[in-house]
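[1] this is a predicted model, with the sequence first.
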Protein chains: 2
Amino acid sequence: MRLIVAKCSAIYSGRLDTVLPEALRLIMVKEDGSILIHADSGGYKPLNWMTPPTVIEQEGEPPQRIVVRKHAGRSEDRLEIILAEVLSDVTHDMGSPEEDAGLAKDGVEAHLQELLAERPQHCGDGLRLVRREWPTDIGPVDLMCRDAEDEWVAVEIKRIATIESVEQITRYLERLRTDPQFASCRGVLAAQSFKPQARVLAQSRGIDCVEVDLAVLRGEREPELRLFAT
Amino acid sequence: MRLIVAKCSAIYSGRLDTVLPEALRLIMVKEDGSILIHADSGGYKPLNWMTPPTVIEQEGEPPQRIVVRKHAGRSEDRLEIILAEVLSDVTHDMGSPEEDAGLAKDGVEAHLQELLAERPQHCGDGLRLVRREWPTDIGPVDLMCRDAEDEWVAVEIKRIATIESVEQITRYLERLRTDPQFASCRGVLAAQSFKPQARVLAQSRGIDCVEVDLAVLRGEREPELRLFAT
DNA sequence: CACTACATGTCGACT
DNA sequence: AGTCGACGTGTAGTG
């Protein structure tokens, strides 16, 4: 990884065009061709950047001009950095990427879906899973189930259910119901938490909201129901 | 800006939980309290991060443990970095943020809206602009126009039109049409490019899709129509 | 502090 | 190569 602290300006041309006036900034060049220009504030986002694969050209020593190119679809992305003054330019050998074990995440939507696929009854009484990721021509339904009366039930799973989540399952239901087989398909929105407005909209559209708890699903805690059901 | 190159591991707990195993990485601490952990590959995104406002505690000199806290709504976000070995730890004074003139962008949605406001006929034959950012109680309609027959036309502008864009203009139309005055208001989705599924959904809802070209709008290139219209 | 919509969103998965 | 949906999305604007 190369870290350059320099007074620099930059011009980007690609999906849009930007001009970055001259100031003191950090230029980060990664082993894989990533390049990021960060100011000393502004949080998460770099001012300018280019993701790999890139071609990086440097002029001058110390560098006076760095041009980064990227083949993006039909046209080309281009980032030109003009370095007026280099205060620091160091390269650190940070070892092979394999040594850098990846970030492990816990609690994302995929986990929720796995757990609910194993325990569909948490999405509604008597539900049985027919298929995960049931395909429709506007995207897959997270879980397709049948209920105790053998009626179809489409389940959409979210970490946080928003008004947009309701729109999404509504689209699926609309689409599914054009097929007579699914004419009476119900919808269930399952989430760890619900925005109040999402609940209201879902209710007005006859979509059930089911609040699920990761800990309960994992059996770390048993829901009250189980105490009686077993 | 402080740049620490160190063999480190990290634990994040907040919106979800993550564990980052030990490896050599860059820890960037900005003047405003931002903190980013970057690997030597992986492009744009930091492995872990925290955006301001944050409280940063450091233990040891050289640092052995850095804990970043952030008050996030009800609960607290927490990022703990364990530094096994510090290879470099430098701080650069990069001047006041005011010296860092901002990034100037050209070609974002706002520009498209300006240009279409000046040339509404590009959104549909005979369209005349009545108002930009027409307010409704669920958000502003980008352009409100009338067509040759004096019918109302609501225009939603996007750089790239997605299913979500169709949902957005659908919500506006639903709302507008509750007012008898706009009962027959049409909808137009204008964008530089359309996702196929967006086109399908729009068509099924009677919303017109109009592909616009920035260069044409700017008059850098003239559309064929003009050659005959003038 | 809420909700909304934009972003060079990025990123991964799948076709 | 193109499309789709999740993301600790981040970020700005508004009420």
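    Perfect, thanks for sending it. Numbers count the residues shown, from 1 in each chain, chains lettered A, B, ... in the order given.
[2] same for the longest strand belonging to chain A, what does it pack against?
    In chain A, taking DSSP state E as the definition, the longest strand is strand A:75-91. Packing partners of strand A:75-91 (3 or more CB pairs under 8 Å, 6 or more residues apart in numbering or on different chains; DSSP states H and E): strand A:2-13, strand A:17-29, strand A:48-50, strand A:65-72. Where C-beta positions appear, they are placed from N, C-alpha and C, glycine not excepted.
[3] that one: partners in the sheet, and parallel or antiparallel?
    Its sheet considered, strand A:75-91 pairs with strand A:2-13 (antiparallel), strand A:65-72 (antiparallel) by DSSP bridges.
[4] does DNA strand C sit close to the next helix-or-strand element following it?
    Downstream of strand A:75-91, the next assigned helix or strand under DSSP states H and E is strand A:104-106. No: using CB under 7 Å from any atom of the strand, strand A:104-106 never reaches DNA strand C; the gap is at least 10.6 Å.
[5] which other residues reach strand A:104-106?
    Here strand A:104-106 makes contact (CB atoms under 8 Å, 6 or more residues apart in numbering or on different chains) with B:Leu16, B:Asp17, B:Thr18, B:Val19, B:Leu20, B:Pro21.
[6] domains in chain A, as residue ranges please.
    Listed by automatic domain parsing, the domain ranges of chain A are A:2-93, A:109-229.
[7] still on that earlier bit, report the buried residues of the longest strand of chain A.
    A:Asp77, A:Arg78, A:Leu79, A:Glu80, A:Ile81, A:Ile82, A:Leu83, A:Val86 (16 or more other CB atoms under 10 Å in any protein chain shown).
[8] near DNA strand C, from those residues?
    Applying CB under 7 Å from any atom of the strand to these, those adjacent to DNA strand C are A:Asp77, A:Leu79.
[9] now render the buried residues of strand A:75-91 as TSV, adding pLDDT and distance to B:Lys70.
    Converted to TSV, those look like this (pLDDT from 0 to 100; distance: CB to CB, whole Å):
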residue	pLDDT	distance to B:Lys70
A:Asp77	95	33
A:Arg78	96	36
A:Leu79	97	31
A:Glu80	98	36
A:Ile81	98	32
A:Ile82	98	36
A:Leu83	98	34
A:Val86	98	34
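[10] worst average pLDDT in the domains of chain A?
    Ranked by mean pLDDT, the domains of chain A bottom out at domain A:109-229, which scores a mean of 85.
[11] ok, and does that domain reach over to chain B?
    Yes: legend: contact between domain A:109-229 and chain B by CB under 8 Å from any CB of the partner chain is shown at A:Ile138, A:Glu164, A:Glu167, A:Arg171.
[12] contacts for the helix or strand harbouring the second one, please.
    Which is A:Glu164. A:Glu164 is part of helix A:163-177, with elements assigned from DSSP H and E. The contact list for helix A:163-177 (CB under 8 Å, 6+ apart) reads A:136-139, A:141, A:152, A:154, A:156, A:158, A:182-185, A:187, A:189, A:191, A:195, A:197-198, A:201-202, A:205, A:207, B:163-164, B:167, B:201.
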